[in-house]
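Peer 1: Structural data only, the sequence is not supplied:
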C-alpha cells in the first residue's frame, strides 16, 4: 500500500483526501515508478474542481520525477533504476508510487535534480510548444506574456530572452513585477495599477504585438485582443480567472482579422517523437543554464490541500513541488 491523494467528489481543496491505495505489478508497456518529487500546476485545480471532468474516484497531479522500480513486458526505453520524469495524463501524480505508461516517461540527465525535473516538465514543455510551435517566435520580435511571475511565466521570460525576443510581461503587484523582470522580461506591466493594454501600446509605439500568450483567460481576453497587430494571434492556454465567455467571432474580424487558438500540451506532445523533441529542448535549456527553474514553495504530500489553497489565492510564485 502507498499513500495517494484521491477525489471522490469534485469540489474545493478539501475534496482531496489522503488514502492508502494498492499499486500492482506493471503490465505490458507499463512501469511502476516511485516518486521523488511531484509538480503542482493549475491544471490540478481544474481536475479537482471538475472544470476538466474525470470519472471519480480519481487522482490529482499531472507531473512528477521518479525512480523506475519495475517494468512490464515490451518496455525498452527505460530500465529499473532509471531516473525519469513525466507530464502526462491520467492525473494521479500526487502519490508515493504508481503505474505509468513507459513510453511517456523521459529519462532525466545527471545535471538536472529531481525537484527541478518534477517542477519543470509541464510548465517547461508548455513554454516549448508555445514559443516554438504554436507561434514560432523570431529574434527581434516583441511579444506579450500574461502572468509573467507564475511558473510558466518565469520559464517563458528566460526562454524568450535566450531566443533574442523582447518579452513584455504582466504581473500583479511590485514584488511579482520585480520577480518577472529578474527572469528575462524586458518590461513588466503591473496590471493592479496600470491598464495593461494602454501601457503595451505605449511600449510598442502603438504597433501592438504579433502574439499574446494568455493563461489568465476571462479577465484579460478582450484587452489582449486589442494588444494585437492586424492578423495577430491570441493564444489562450489557461483559465486562471475563469474560462473566456462566449463571444461573436465577428469580434476577431473587427479587431484586425485576428487568429485565436486554445492549445494544450497533451495535443502538441501526443506523438512520442513530439514528446521527445519537446523534452529534449527543455532539458537542453535547463542543462545549459539558460533557463533556471525557481522552486519557491515545497509541501508535504499530506499538505496538498494547503498547497491548492495557496495556489488559488495567488500566494505562490515560480514553481512548487510536493514531496512524498
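Peer 2: Arrived safely, thanks for sending. Everything numeric here is computed off the predicted structure, so don't read it as measured data.

Peer 1: what's the burial count for residue 14?
Peer 2: 10 (other C-beta atoms under 10 Å). C-beta: built from backbone N, CA, C; applies to glycine.

Peer 1: which SS class is the spatially closest residue to residue 259 that is not a sequence neighbour?
Peer 2: Of all residues not flanking residue 259 in the chain, residue 233 sits nearest, at 4.5 Å (C-beta to C-beta, 6 or more residues apart in numbering). With DSSP: H, G, I helix; E, B strand; the rest coil as the basis, residue 233 sits in strand.

Peer 1: and if you look at residue 154?
Peer 2: Under three-state DSSP, residue 154 falls in the helix class.

Peer 1: that older thread, any idea what the residue nearest to residue 259 is bridged to?
Peer 2: Beta-bridge partners for residue 233, by DSSP bridges, are residue 211, residue 259.

Peer 1: And residue 95, how close does it get to residue 45?
Peer 2: Distance check for residue 95 against residue 45: by C-beta to C-beta, to the nearest Å, it reads 18 Å.

Peer 1: Look at the two and report which has more neighbours.
Peer 2: It is residue 95, of residue 95 and residue 45, that has more neighbours when counted by other C-beta under 10 Å, with 26 against 19.

Peer 1: Setting aside sequence neighbours, what's the nearest residue to the more buried one?
Peer 2: residue 4 is the one closest to residue 95 (C-beta to C-beta, 6+ apart), at 3.5 Å.

Peer 1: Surely the one you found is in a strand?
Peer 2: Yes - judged by three-state DSSP, residue 4 forms part of a strand.

Peer 1: count of neighbours near it?
Peer 2: Per other C-beta under 10 Å, the neighbour tally for residue 4 reads 24.

Peer 1: Does it touch residue 91 like I think?
Peer 2: No - using C-beta atoms under 8 Å, residue 4 makes no contact with residue 91, being 11.3 Å away.

Peer 1: Quick check: buried residues in whichever helix or strand residue 158 is part of?
Peer 2: Using DSSP states H and E, residue 158 maps to helix 151-162. Within helix 151-162, the residues that count as buried by 16 or more other C-beta atoms under 10 Å are 151, 152, 153, 154, 155, 156, 157, 158, 159, 160, 161.

Peer 1: Quick check: the third one vs residue 198, distance?
Peer 2: To residue 198, residue 153 is 21 Å away according to C-beta to C-beta.

Peer 1: Over to the fifth one?
Peer 2: In this structure, residue 155 and residue 198 are separated by 27 Å, where distance is defined by C-beta to C-beta.

Peer 1: What ranges does this protein have for its helices?
Peer 2: For the chain, applying DSSP state H gives helices covering 42-49, 114-129, 151-162, 174-181, 196-203, 221-225, 250-254, 265-268, 272-287, 304-312.

Peer 1: could I get those helices as TSV with mean pLDDT and distance to residue 298?
Peer 2: Output for the helices of the chain, formatted as TSV (pLDDT from 0 to 100; distance: least, C-beta to C-beta, whole Å):
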stretch	mean pLDDT	distance to residue 298
helix 42-49	94	16
helix 114-129	96	8
helix 151-162	95	14
helix 174-181	94	18
helix 196-203	98	31
helix 221-225	96	33
helix 250-254	96	42
helix 265-268	95	24
helix 272-287	94	19
helix 304-312	96	9
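
Peer 1: Is it possible to get JSON lines of those helices that adds distance to residue 320?
Peer 2: Putting those into JSON lines (distance: least, C-beta to C-beta, whole Å) gives the following:
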{"stretch": "helix 42-49", "distance to residue 320": "10"}
{"stretch": "helix 114-129", "distance to residue 320": "7"}
{"stretch": "helix 151-162", "distance to residue 320": "7"}
{"stretch": "helix 174-181", "distance to residue 320": "14"}
{"stretch": "helix 196-203", "distance to residue 320": "25"}
{"stretch": "helix 221-225", "distance to residue 320": "26"}
{"stretch": "helix 250-254", "distance to residue 320": "35"}
{"stretch": "helix 265-268", "distance to residue 320": "18"}
{"stretch": "helix 272-287", "distance to residue 320": "17"}
{"stretch": "helix 304-312", "distance to residue 320": "7"}
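
Peer 1: Enumerate every residue touching residue 303.
Peer 2: residue 322 (C-beta atoms under 8 Å, 6 or more residues apart in numbering).

Peer 1: from the chain's centre, how far out does stretch 224-239 sit?
Peer 2: Computed by C-alpha atoms, centre = their mean, to the nearest Å, the chain-centroid distance of stretch 224-239 equals 19 Å.

Peer 1: can you check stretch 106-114 too?
Peer 2: How far stretch 106-114 lies from its chain's middle: 18 Å, per C-alpha atoms, centre = their mean.

Peer 1: Identify the residues contacting that stretch?
Peer 2: With contacts defined as C-beta under 8 Å, 6+ apart, stretch 106-114 is touched by 36-37, 65, 78, 82-86, 117, 121, 275-276, 279, 283, 286-287.
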